[in-house]
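Visitor: Predicted model and sequence below, questions to follow.
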Amino acid sequence: MPELPELEALSERMTEVLEGHALGGIDVHGFSALKTFEINPKDLEGIVLGGISRRGKYLDMSLSPYRILFHLSQGGRVDIETPPKSTKPRGSVVRFRFDGAPSILIKEFGTERKAAWWVLRAGDDGPLEKLGPEPFDEAYEELVMTGADRRQLHTFLRDQRTVAGIGRGFADDILHAAMLSPLAKLASLDEAARRTLVEQTHKVLIEATERERERTGGLPAKMGDRFTIHNHYEDPCPRCGTKLEHVSYESREVVYCPACQTGGKILADRRMSRLLK
């Protein structure tokens with residue numbers, strides 16, 4: 001799933017080529033992905049785009065007095081079509097056509113079909129209301145430094161109601177950079193470790209966003225090529241050379257370095273643990 005760095009850089013690229021251009025039309029290809037019905041998408045045609053921003057894992061298209069939010073979920077991707085196209089490719093969800101500018105095609109790979117978009121009035125936050133602070137907000141730092149949350153660090157970082165924009169991939173990379181076990185509880189960390197977590201959250205996300213700014217166009221079909229340890233199970237740790245291990249769950253995995261993060265301990269496989277109960 002695209003996370004903060006990919007979406008931040010993508011919003012910048014989209015704004016660069018689309019800001020100031022009028023929305024020429026919206027071609028809805030997957031009606032189940034549209035989550036609002038009060039406003040007809042055609043009512044937005046002719047409105048000049050004010051820009052595209054990111055909040056958490058959502059992209060926010062400003063078309064005053066309206067806004068369009070979209071969430072790509074696990075399999076959603078974005079094409080910036082230059083020149084604009086009119087075909088309906090496989091997996092297409094919706095196409096936004098702009099006058100004198102590229103089109104934006106939202107598409108989704110796989111079978112889950114969880115990509116979604118909302119047409120809202122400018123003051124309506126819709127699904128954004130449930131999001132926690134951004135990782136660079138003071139509220140995130142305060143939450144970490146109080147140490148009151150008793151959840152495991154990996155779970156804490158991925159909960160969008162706690163902190164918005166981090167998913168499985170960057171949770172792995174942040175905890176590796178901070179040299180913290182993914183299964184350690186925030187409440188168990190001392191002040192120095194909590195400070196390190198805040199600092200490495202910022203450092204990892206800033207560096208990843210800079211790497212993402214090197215891309216051109218939309219989001220490629222295959223993501224995750226720029227993670228430090230996520231998706232690198234059994235590869236050598238880039239810091240110490242130890243083989244990276246993982247904790248497997250039914251639909252995801254957590255990658256970590258035993259030497260750097262768990263004092264040499266191999267964490268139990270959660271799927272196997274369930275079978276042995």
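Guide: Everything's here; your move.

Visitor: State which helix of the protein is the longest.
Guide: In the chain, assigned by DSSP state H, the helix with the most residues is helix 191-212.

Visitor: any idea of the mean pLDDT in it?
Guide: Taken as a whole, helix 191-212 has an average pLDDT of 98.

Visitor: Report the buried residues of that helix.
Guide: Ala193, Arg194, Thr196, Leu197, Val198, Gln200, Thr201, Val204, Leu205, Ala208, Thr209, Glu212 (16 or more other C-beta atoms under 10 Å). Using the backbone N, CA and C atoms, a C-beta is placed for each residue, glycine as well.

Visitor: got it, and stretch 18-29?
Guide: So, applying 16+ other C-beta under 10 Å, buried residues of stretch 18-29: Leu18, Ala22, Leu23, Ile26.

Visitor: quick one: the helices in this structure?
Guide: 4-18, 138-146, 153-158, 168-178, 191-212, 258-261, 270-276.

Visitor: pLDDT below threshold where in the stretch 151-277 of the chain?
Guide: Residues of the stretch 151-277 of the chain meeting the criterion pLDDT under 70: 270-277.

Visitor: which residues in the stretch 1-150 of the chain form strands?
Guide: 23-28, 51-55, 58-63, 66-71, 76-81, 92-98, 103-108, 116-121 (DSSP state E, counting those that start in this stretch).

Visitor: Compute the inter-axis angle for the longest one and strand 66-71.
Guide: Calculated by axes from the mean of the first three to the mean of the last three C-alpha atoms, to 10 degrees, strand 92-98 forms an angle of 140 degrees with strand 66-71.

Visitor: One more: the first one?
Guide: Put simply, strand 23-28 runs at 40 degrees to strand 66-71, going by the same axes, to 10 degrees.

Visitor: swap in the second one?
Guide: Using the same axes, to 10 degrees, one finds that strand 51-55 and strand 66-71 are set 50 degrees apart in direction.

Visitor: Okay, buried residues for strand 51-55 please.
Guide: Gly51, Ile52, Ser53, Arg54, Arg55.

Visitor: Run through the neighbouring helices and strands of it.
Guide: Judged by 3 or more C-beta pairs under 8 Å, 6 or more residues apart in numbering; DSSP states H and E, strand 51-55 is in contact with helix 4-18, strand 58-63.

Visitor: Out of the ones you listed, flag the one nearest Glu108.
Guide: Smallest distance to Glu108 across these (C-beta to C-beta): 14.3 Å, for strand 58-63.

Visitor: Pull up the pairing partners for the closest one, direction included.
Guide: strand 51-55 (antiparallel), strand 66-71 (antiparallel) (DSSP bridges).

Visitor: Give me the residues contacting it.
Guide: Taking contacts as C-beta atoms under 8 Å, 6 or more residues apart in numbering, the residues outside strand 58-63 that touch it are 7, 10-11, 14, 23, 44, 47-54, 67-72, 96, 122, 127-128, 131.

Visitor: make it 6 Å
Guide: Strand 58-63 is contacted from outside by Ser11, Leu44, Ile47, Gly50, Gly51, Ile52, Ser53, Arg67, Ile68, Leu69, Phe70, His71, using C-beta atoms under 6 Å, 6 or more residues apart in numbering.
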